[in-house]
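Undergrad: I would like the atomic coordinates for the input below:
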Amino acid sequence: MKTDCQTYIKEMLEIGNKLIKESPILGEETGSVNAKGDKTIEMDVKIEQAIIDYVRRNELPFNIFSEEIGFINIHPKPQYVLVFDPLDGSTNYRVGKGLFPYGLMIALYKGLKPKLCDIVSSGFAEHTTNKWWTYDGSKTRDSHGKVVILSHNWKVHRSTPVHFDLYYKKAYDTFSSLAEKIHIRWGGSNTSSLLYVLSETSAAMGALLMRPEEIGTVVSLIKGAGGITVDHKGKDLGNYIFSPDETYQLLAGDKKIVEFAVSQLKNR
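TA: I've put the predicted structure just below:
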């Protein structure tokens, strides 16, 4: 490729940000469902199509997996898999009046059957705060190019905030053993959880069934910032195979808090 992967990721983030800023709220359902069976909304589709058009226009050697359209082949000799969620937190976008976090998650994997550790670049833009971060294969940086290093000063305490995906009833049951030991919160999207961890207003984030279009972005950005990312048994998520058909357990962020959470979940 003529340009490095990180440049492409940044330009895709800019495409999504521009569409959000220049468009009215496009929160109406399209009448169709996405690859996961969820109803799609107009802005999801608009951002997705703009990124696919960008990849085609630049003739990038990518296969694509997106939340809305699923898995598609658009290059005769692909070398990478581009995975993205065009609008994570679409309900927050639709009803939140700019108060609830939502954003764009992108991850680029090297190879066609990659593991989660095979991400060469990723990016995340949260639109209500205009904050974004990128991962260059080793380090996570903010929008000013500053390397992000997560604080390691968090203590296991009932006031220490952690953000868990509580969309599913099973998630409430899973994380209930941590209640009143650390402060469980939920912002309505994994975008909100990732925003708060990277902004160091939350010690960790977690999910029971994180979707494939989100997992790579979360794993790479938090590991690139010095955090850890494991499943609920403490196994490093980097060793997991990426699959469009899988969901993933996740605990990610400060090592001390994550390891405490693992110990409690093991004893359920």
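
Undergrad: pop the domain breakdown of the protein in here.
TA: 5-142, 161-266 (automatic domain parsing).

Undergrad: comparing these, which gets the lowest mean pLDDT score?
TA: Ranked by mean pLDDT, these bottom out at domain 5-142, with a mean of 90.

Undergrad: would you map the helices across this structure?
TA: Shown for the chain, the helices assigned by DSSP state H span residues 5-22, 42-57, 90-95, 169-175, 190-198, 212-224, 255-266.

Undergrad: is it possible to get a markdown table of those helices that adds distance to Thr128 and mean neighbour count?
TA: No exception for glycine: its C-beta is placed from N, CA and C like everyone else's. Output for the helices of the chain, formatted as a markdown table (distance: least, C-beta to C-beta, whole Å; neighbours: other C-beta atoms under 10 Å):
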| stretch | distance to Thr128 | mean neighbour count |
| --- | --- | --- |
| helix 5-22 | 9 | 18 |
| helix 42-57 | 14 | 18 |
| helix 90-95 | 8 | 20 |
| helix 169-175 | 24 | 15 |
| helix 190-198 | 9 | 27 |
| helix 212-224 | 18 | 27 |
| helix 255-266 | 25 | 19 |
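
Undergrad: thinking again about what came up before, in JSON lines, list the domains of the chain along with distance to Trp154.
TA: Shown next, in JSON lines, are the domains of the chain (distance: least, C-beta to C-beta, whole Å):
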{"stretch": "domain 5-142", "distance to Trp154": "18"}
{"stretch": "domain 161-266", "distance to Trp154": "4"}
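
Undergrad: closest to Leu150 out of the ones you listed?
TA: Closest to Leu150 of those, according to C-beta to C-beta: domain 161-266, at 4.8 Å.

Undergrad: in contact with Gly227, which residues?
TA: Going by C-beta atoms under 8 Å, 6 or more residues apart in numbering, Gly227 touches 150, 197, 204, 252-255, 258.

Undergrad: could you do Ser199 as well?
TA: Lys131.

Undergrad: among the helices of the chain, which is nearest Ile241?
TA: helix 212-224 (10.4 Å).

Undergrad: now do the closest one and helix 190-198, the angle between them.
TA: Between helix 212-224 and helix 190-198, the angle comes out at 0 degrees (axes from the mean of the first three to the mean of the last three C-alpha atoms, to 10 degrees).
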